[in-house]
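**Q** my questions are about this predicted structure, shown below with the sequence.
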Amino acid sequence: MDQVAREAEQREATAGAPEGPLLQVLVVEDDFGDLALVENAFDEHSIRSELHHVGDGSEALAFLRREGAHRDAPRPDLILLDLNMPRVDGRQALAEIKADPVLKSIPTIVFTTSSLDSDVIASYSRHANAYITKPIDLDDYERVVMAIRNFYGHLAVLPRRSPDQPTF
């Protein structure tokens, strides 16, 4: 397929969709209720986004490194990372992401139920881009996720993906 045909196909696929690039988001979350709340908040408004979900830090690292079942995974523009998960928790995953020269530029938001000072300090020490405690109230939860989505979808300038980093 030539470049003109690809561009026409892309325009047709996004007809009626909000303008702007597709925001790729990796949600690292073991709680399916929290995942559903994040999905709903991203679905409701004008930012074109695609959410990818993994259930723990080990799977997140495989996704980010395009290993195993994730060999065709896109490079995310943003990572929402829970701390308290089985196998490899968010603390360990954050440390590995930010120590990796290829991955460290991906904005990583710790989004967790923990409000412990030790978790906040440890996350920022590992170079988290933000630390947000999940609200208990459902309306507040949605507002917080929408604020994250709006900031990274409209205001923040994100690192450009290289041609070998697919968007879908």
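**A** Received it, and whenever you're ready, just let me know what you need. Computed from a prediction, not measured in an experiment: that's the story for all the values here.

**Q** in the chain, which spans are strands?
**A** Listed in chain order, the strands found in the chain under DSSP state E are 23-28, 49-54, 78-81, 108-112, 130-133.

**Q** so what strands line up beside the last one?
**A** Sheet partners assigned to strand 130-133 using DSSP bridges are listed as strand 108-112 (parallel).

**Q** roughly how far apart are A93 and E59?
**A** Counting by Cβ to Cβ, to the nearest Å, the gap between A93 and E59 amounts to 9 Å. Yep, even glycine has a C-beta here, placed from its N, CA and C like the rest.

**Q** gap between the two ends of stretch 98-115?
**A** End-to-end distance of stretch 98-115: 21 Å, with Cα to Cα, to the nearest Å as the criterion.

**Q** distance between that stretch and the chain's centre?
**A** 9 Å (Cα atoms, centre = their mean, to the nearest Å).

**Q** can you list contacts of that stretch?
**A** The set of residues that contact stretch 98-115 without belonging to it, under Cβ atoms under 8 Å, 6 or more residues apart in numbering, is 29, 64-65, 75-84, 90, 94, 97, 119, 123, 126-134, 148, 152, 156, 158-159.

**Q** can you list the buried residues in that stretch?
**A** Residues 98, 103, 106-112, 114 are the ones in stretch 98-115 that count as buried (16 or more other Cβ atoms under 10 Å).

**Q** farthest-apart pair in those, please.
**A** By the measure Cβ to Cβ, the buried residues of stretch 98-115 have their two most distant members at L103 and S114, which lie 22.9 Å apart.

**Q** still on that earlier bit, so can I have a markdown table of the strands of the chain showing mean pLDDT?
**A** Compiled in a markdown table, the strands of the chain are given as follows (pLDDT from 0 to 100):
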| stretch | mean pLDDT |
| --- | --- |
| strand 23-28 | 94 |
| strand 49-54 | 92 |
| strand 78-81 | 96 |
| strand 108-112 | 96 |
| strand 130-133 | 96 |
